[in-house]
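J.: Provided below are the primary sequence and the corresponding predicted coordinates.
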Amino acid sequence: MLTKTFSSAVYGIKATTIGVEVNISSGTKYYIVGLPDNAVKESLQRIESAILTVGYRMPRQKIVVNLAPADLRKEGSAYDLSIAIGILAASGQLDTDRLKDYLILGELSLDGSIQPIKGGLPIAIQAQQDGFKGIILPQQNAREAAAVNQLDTLPVSNLKEVIDFFNGDLNINPTRIDIESEFRQQVDNYDIDFSDVKGQENIKRALEIAAAGGHNVILIGPPGSGKTMLAKRLPTILPPLTLNESLETTKIHSVSGQLKASSSLMTIRPFRAPHHTTSDVALVGGGNNPQPGEISLAHNGVLFLDELPEFKRSVLEVMRQPLEARNITISRARFSVDYPASFMLIAAMNPCPCGYYNHPEKECICGSAMVQRYLGKISGPLLDRIDLHVEVTPVEFKELSNARVSENSAAIRSRVISARKVQEQRFADHATVHSNAQMGSKMLREVCRIDETGKQLLSMAMEKLGLSARAYDRILKVARTIADMENEKHILNHHLAEAIHFRSLDRENWAG
């Protein structure tokens with residue numbers, strides 16, 4: 001007897017519906033065809049044990065399972081449940097009337113219990129688009145899949161529940177959530193705040209500018225000066241995620257299996273801080289079964305690279321293209337997948353190997369050549385993509401002991417949101433540009449015009465401070481953001497002066 005159930009495969013952050021065709025005929029062997037990997041081939045052993053454990057029989061005949069379309073690679077254990085239901089239906093142990101209405105996914109344990117899968121949200125989105133009535137999946141994935149409206153999300157914990165449901169002996173209540181209400185309640189749920197930081201007003205100002213224009217930042221300073229503490233608080237002053245951004249970010253974390261079982265949506269901007277020993281594949285994504293890397297997991301949020309010169313040169317260089325294109329394409333012989341990677345980069349580093357170059361009190365033991373060699377680990381093309389270079393100095397004791405409460409993140413964020421609204425109006429006709437940092441050269445000439453006085457100031461700064469040519473566009477972008485924060489239509493001289501101040505590493509002889 002031939003029956004058909006439906007499952008799903010995730011490629012990138014998009015899902016494809018897979019038809020699971022099961023045919024039982026005379027013979028003795030089991031076959032799975034349709035480009036299955038080892039995890040799929042091994043499923044028959046798990047399925048047989050699970051079926052016997054819950055009190056049903058495994059047919060002792062020839063069983064052929066076809067996963068269609070047959071030219072797509074099938075990977076992982078999420079097909080177990082769909083194949084098991086197909087075998088039971090083909091052997092006459094299960095009613096087939098409602099099989100066409102539901103997508104069925106889950107990994108089976110030997111005792112019949114169902115383990116969680118990856119990619120519940122994109123699978124549910126595709127199920128709705130394909131016109132399915134509902135989706136049957138593990139209980140741990142129910143909340144993320146329930147974010148999709150007009151689709152019954154049926155959570156199950158063991159194979160027996162699924163069998164009883166299709167036989168009409170059990171009614172499974174769909175998981176339902178009010179996605180917009182839940183999103184509004186949790187959108188500002190941060191445990192840290194800028195009011196925790198004592199002093200460092202200049203650095204806070206730089207991070208506010210970065211947040212307002214979507215600019216990348218590098219913080220240079222000695223150990224213990226507060227670089228990491230400041231970087232971790234950057235997401236708290238970024239504009240809140242929109243519902244669409246939240247769905248897109250949740251899809252990426254769902255595919256990578258990093259979404260908590262209690263979560264339905266990611267409501268705060270991600271903050272990713274990979275260790276400096278990470279590999280280039282871990283950073284940009286990939287592997288035999290391509291998975292999102294850290295730059296994609298930081299999509300719509302912040303990627304923090306601490307101790308930047310300690311990262312391998314090859315790891316840092318693979319970020320150059322994603323920083324410009326804001327997505328990453330991973331190609332394989334048979335297919336390629338695209339992952340979004342629109343993130344803010346914030347990097348931190350010591351100014352030299354010992355960490356005390358330019359320190360107001362402690363003496364640096366590194367020679368100028370050693371300092372230059374240390375800074376040279378960061379390539380020019382990568383620095384070219386970082387708009388603000390900020391020197392961080394240690395906080396004095398009187399600042400640390402001051403009882404005055406610093407400005408909180410909410411107050412800073414309100415100014416950031418106002419500046420972003422100005423940019424939204426400016427770039428309303430440009431689908432791929434949302435902030436000043438994303439402007440191309442042509443748009444930069446139109447938006448960042450300066451008068452003759454401003455040109456003279458910029459010319460003098462480049463000559464006197466030895467600023468490189470690549471600093472020119474970056475200064476204009478940052479100056480445009482500062483003007484937006486003051487709601488000024490034109491870039492004024494003090495906007496340029498402040499932007500020039502934040503180009504430390506472009507100054508000649510900065511490291512002696």
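T.: In hand now; what should we look at?
J.: which parts of the stretch 151-300 of the chain are strands?
T.: 152-156, 217-220, 271-272, 285-286, 291-292 (DSSP state E, counting those that start in this stretch).
J.: now the stretch 401-512 of the chain, which segments are flagged as low pLDDT?
T.: Within the stretch 401-512 of the chain, the stretches with pLDDT under 70 are 401, 403, 468-470, 506-512.
J.: ok, now which ones touch the residue nearest to L159 when sequence neighbours are not counted?
T.: Leaving aside its chain neighbours, L159 sits nearest to G112 (4.2 Å; criterion: CB to CB, 6 or more residues apart in numbering). In short, each C-beta sits where N, CA and C put it, glycine included. Applying CB atoms under 8 Å, 6 or more residues apart in numbering to G112 gives the contacts A50, I51, T53, V54, N158, L159, K160.
J.: count of neighbours near the first one?
T.: Put plainly, it is A50. For A50, the count of nearby residues is 25 (other CB atoms under 10 Å).
J.: go on, the second one?
T.: Neighbours of I51 under the rule other CB under 10 Å: 22.
J.: just checking, it is part of a strand?
T.: No: the assignment for I51 is helix, going by DSSP: H, G, I helix; E, B strand; the rest coil, so no strand is present there.
J.: ok, the nearest residue to L81 once chain neighbours are set aside to G224 distance?
T.: Of all residues not flanking L81 in the chain, G106 sits nearest, at 3.7 Å (CB to CB, 6+ apart). Taking CB to CB, to the nearest Å as the measure, G106 falls 49 Å from G224.
J.: same drill for those two, tell me which one is more crowded.
T.: Applying other CB under 10 Å to G106 and G224 shows that G106 carries more neighbours, namely 30 against 11.
J.: got the buried residues for the longest strand belonging to the chain?
T.: Criterion DSSP state E: the longest strand present in the chain is strand 14-25. The neighbour-count check on strand 14-25 (16 or more other CB atoms under 10 Å) flags K14, A15, T17, I18, G19, V20, E21, V22, N23, I24 as buried.
J.: other SSEs contacting that strand?
T.: strand 2-11, strand 62-68, helix 80-90, helix 120-129 (3 or more CB pairs under 8 Å, 6 or more residues apart in numbering; DSSP states H and E).
J.: quick one: S331 and G120, what's the gap?
T.: From S331 to G120 the distance is 26 Å (CB to CB).
J.: of those two, which one has the most company?
T.: Set S331 next to G120 and count neighbours by other CB under 10 Å: G120 wins out with 33 against 11.
J.: got the contact list for the more buried one?
T.: L137, N141, A142, E144, A145, S254, L259.
J.: tabulate the residues you listed in TSV, adding columns for neighbour count, distance to Q438 and pLDDT.
T.: As requested, those are exported to TSV (neighbours: other CB atoms under 10 Å; distance: CB to CB, whole Å; pLDDT from 0 to 100):
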residue	neighbour count	distance to Q438	pLDDT
L137	30	37	95
N141	28	34	92
A142	23	37	92
E144	30	29	90
A145	30	33	92
S254	26	26	91
L259	25	28	82
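J.: narrow the residues you listed to those in strands?
T.: Checking those against DSSP E, those in strands are L137.
J.: find the nearest non-adjacent residue to the most centrally placed residue in the chain, please.
T.: For the chain, L297 is the residue whose C-alpha lies nearest the centre (CA atoms, centre = their mean; 2.3 Å). Leaving out its chain neighbours, the residue that sits closest to L297 by CB to CB, 6+ apart is R272, at 5.3 Å.
J.: the one you found touches L303, doesn't it?
T.: Yes: using CB atoms under 8 Å, R272 is in contact with L303, at 5.3 Å.
J.: what touches both of the two?
T.: E294, F343.
J.: neighbour-wise, which of these two wins?
T.: L303 (26 against 18).
J.: lowest average confidence, helix or strand, in this structure?
T.: Of all helical and strand segments in the chain, the minimum by mean pLDDT, DSSP states H and E falls on helix 397-400, at a mean of 68.
J.: tell me which residues of the helix or strand following that helix are tucked away?
T.: Using DSSP states H and E, the helix or strand that follows helix 397-400 towards the C-terminus is helix 409-426. Neighbour-count burial for helix 409-426 flags S409, I412, R413, V416, A419, R420, V422, Q423, R426 (criterion: 16+ other CB under 10 Å).
J.: hmm, who's touching stretch 95-109?
T.: 3-8, 17, 43, 46-47, 50, 77-82, 84-85, 89, 114-117, 123, 127, 132-138, 154, 156, 159, 162, 166-168.
J.: distance between the ends of that stretch?
T.: 23 Å (CA to CA, to the nearest Å).
J.: how about stretch 195-205?
T.: Across stretch 195-205, first to last residue, CA to CA, it's 13 Å.
J.: in that stretch, which residues are buried?
T.: S195, V197, K198, G199, Q200, I203, K204, R205.
J.: show me which of those residues is closest to A369.
T.: A369 has its nearest neighbour among the buried residues of stretch 195-205 in I203, at 28.8 Å by CB to CB.
J.: OK, contacts around that closest one?
T.: L219, G226, L230, V390, V392 are the contacts of I203 under CB under 8 Å, 6+ apart.
J.: what of I87?
T.: Going by CB under 8 Å, 6+ apart, the list of residues near I87 reads V22, I24, I47, I51, M58, P59, I63, V65.
J.: now, which of those residues sits nearest I237?
T.: Among the contacts of I87, and counting by CB to CB, the member closest to I237 is I47, at 51.1 Å.
J.: wait, isn't that closest one in contact with I85?
T.: No: using CB under 8 Å, I47 is not in contact with I85, being 9.7 Å away.
J.: higher neighbour count, those two?
T.: Comparing I47 with I85 by other CB under 10 Å, the one with more neighbours is I85, at 30 against 27.
J.: separation between the closest residue to that one other than its chain neighbours and A211?
T.: Sequence neighbours aside, T5 is the residue nearest to I85 in space, at 5.3 Å (criterion: CB to CB, 6+ apart). Taking CB to CB as the measure, T5 falls 48 Å from A211.
J.: next one: H494
T.: With CB to CB as the criterion, H494 and A211 are 20 Å apart.
J.: returning to what we had before: of the contacts of stretch 95-109, select the buried ones using a ChimeraX command.
T.: A single ChimeraX command selects the buried members of the contacts of stretch 95-109 (16+ other CB under 10 Å):
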select :3,4,5,6,7,8,17,43,46,47,50,77,78,79,80,81,82,84,85,89,114,115,116,117,123,127,132,134,135,136,137,138,154,156,159,162,166
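J.: pLDDT on stretch 126-133, on average?
T.: For stretch 126-133, mean pLDDT is 95.
J.: ok, and what's touching that stretch?
T.: 6, 8, 14-17, 101-103, 134-135, 148-152.
J.: quick one: which of those residues is nearest K29?
T.: Looking across the contacts of stretch 126-133 and measuring by CB to CB, the closest to K29 is F6, at 24.9 Å.
J.: make sure the closest one is actually in contact with I18.
T.: Yes: assessed by CB under 8 Å, F6 is found in contact with I18 at 7.0 Å.
J.: same list (the contacts of I203) but as a markdown table, adding pLDDT.
T.: Shown next, in a markdown table, are the contacts of I203 (pLDDT from 0 to 100):
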| residue | pLDDT |
| --- | --- |
| L219 | 94 |
| G226 | 87 |
| L230 | 92 |
| V390 | 90 |
| V392 | 89 |
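J.: narrow these to just the buried residues.
T.: L219, G226, L230, V390, V392.
J.: and of those residues, the nearest to C352?
T.: Once CB to CB is applied, the member of the buried ones among the contacts of I203 that ends up nearest C352 is V392, at 13.9 Å.
J.: what about the nearest residue to that closest one once chain neighbours are set aside, neighbour count?
T.: Spatial nearest neighbour of V392, excluding adjacent residues (CB to CB, 6+ apart): G221 at 3.0 Å. When neighbours are counted by other CB under 10 Å, G221 registers 24.
J.: quick check: G221 touching E391?
T.: Yes: here G221 reaches E391: they are 6.3 Å apart, a contact under CB under 8 Å.
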